[in-house]
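Novice: Have a look at this prediction, sequence included:
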Amino acid sequence: MSTPPPSPAPAASPASLLDGLRFAFGTLTVLPVRVTRWDRAAARGGMLAAPLAGLVVGGCAAGAGLAALALGTGPLLAAVAATAVPAVLTRGLHLDGLADTADGLGSGRPAEDALRIMKRSDIGPFGVVTLVLVLLAQTAALERAFDASGARGAVAAVVAGVAARLALTLAARAGVPAARPEGLGAAVAGVVPRSGALAVAAACGALAAGGGALLGGYGAVRAAVAVVAAALAADLLLRHCVRRFGGVTGDVFGGLAETAATTALVVCCAGG
């Protein structure tokens, strides 16, 4: 996720749909999209559109997994490919945010000291262990899904991509403060109206159910439950981070995305 200017200026005019899409894809992916507005109106549109960026990332991950299967590599390498693509398409920044958040939470230090630890360029032991476990969980879940069928693996990858970015939309809702006065957290904290966040969440649940329906009625329910479970897991982490750090940061957003993606994948691989 790109870091915006320290103090985003108030919008001089309402942000257009295109402004919001540029903000979402320009900050949440490596796709060559130029962000033309960094103000809070554009940030609001961008955070509301975040699941669309997740849909593209998840679709690319699904495509990589299916391509690997088509080449005869087997479900494990297909899962590795599908796990690697989101990391590549985000420059690994969500994973880096997850590691930094784990180091901050694991330090046991007061909020100010924990935030300083999170800003360091190195990764501590809590971050390393968390990264390893999360990547193993994601790969194992996708391997099971792709082993069941290519379609199930593809649906799991897409649902995880959408759920990960839905967590960002929900974390940017009104009432969630920023931990610092600068950075991405300050730019997007509280920009999304609660009603808008709930509407996007409902749309993501319906989208997931529609995709899961390709696998039958149980697949539709499982995909919808995956989105709900991912949102709840991310919200638990969000609440803990707000208590510990006093608000959200760009690193926390990355941690929320990876937490939601992992939860969604675990649910998607569960059952027969």
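Specialist: Perfect, thanks for sending it. Numbers count the residues shown, from 1 in each chain.
Novice: contacting residues around stretch 178-196?
Specialist: 1-4, 6-8, 27, 38, 40, 43-44, 46-48, 111, 115, 168-170, 172-177, 241, 245-250, 252-253 (C-beta atoms under 8 Å, 6 or more residues apart in numbering). In short, each C-beta sits where N, CA and C put it, glycine included.
Novice: Wait, Thr262 touches Thr139, no?
Specialist: No - if you go by C-beta atoms under 8 Å, Thr262 and Thr139 don't touch, sitting 10.4 Å apart.
Novice: So those two - more neighbours on which side?
Specialist: Thr262 (24 against 19; other C-beta atoms under 10 Å).
Novice: Secondary structure element holding the more buried one?
Specialist: Per DSSP states H and E: Thr262 is located in helix 250-269.
Novice: Now do that helix: distance to the chain's middle.
Specialist: Distance, stretch centre to chain centre, for helix 250-269: 6 Å (C-alpha atoms, centre = their mean, to the nearest Å).
Novice: per-residue confidence averaged over it?
Specialist: Model confidence over helix 250-269, given as mean pLDDT, is 97.
Novice: cool, stretch 19-34 as well?
Specialist: Stretch 19-34 carries an average pLDDT of 94.
Novice: for stretch 154-166, same thing?
Specialist: 98.
Novice: Helices of the chain, start to end?
Specialist: 17-28, 40-48, 50-70, 75-89, 93-107, 111-119, 125-148, 150-171, 184-188, 194-212, 217-245, 250-269 (DSSP state H).
Novice: right, and those helices - which one's nearest Arg34?
Specialist: Closest approach to Arg34 among those (C-beta to C-beta): helix 17-28, 6.5 Å.
Novice: need the helix or strand of the chain with the lowest average pLDDT.
Specialist: Least confident helix or strand of the chain, by mean pLDDT, DSSP states H and E, is helix 184-188 with a mean of 84.
Novice: re earlier: got the helices of the chain as TSV, with distance to Arg34 columns?
Specialist: Listed next are the helices of the chain as TSV, based on distance: least, C-beta to C-beta, whole Å:
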stretch	distance to Arg34
helix 17-28	6
helix 40-48	12
helix 50-70	15
helix 75-89	17
helix 93-107	18
helix 111-119	27
helix 125-148	30
helix 150-171	20
helix 184-188	17
helix 194-212	24
helix 217-245	29
helix 250-269	20
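Novice: among those, which gets the worst mean confidence?
Specialist: Sorting these by mean pLDDT places helix 184-188 lowest, at a mean of 84.
Novice: Please report the distance of Leu95 from Thr259.
Specialist: Leu95 sits 11 Å away from Thr259, taking C-beta to C-beta, to the nearest Å as the criterion.
Novice: swap in Ser195?
Specialist: From Ser195 to Thr259 the distance is 24 Å (C-beta to C-beta).
Novice: Among those two, which residue is more densely surrounded?
Specialist: The neighbour count for Ser195 versus Thr259, taken as other C-beta under 10 Å, is higher for Thr259 (25 against 10).
Novice: That one touches Asp235, doesn't it?
Specialist: No - contact criterion C-beta under 8 Å: Thr259 and Asp235 do not qualify, at 9.7 Å.
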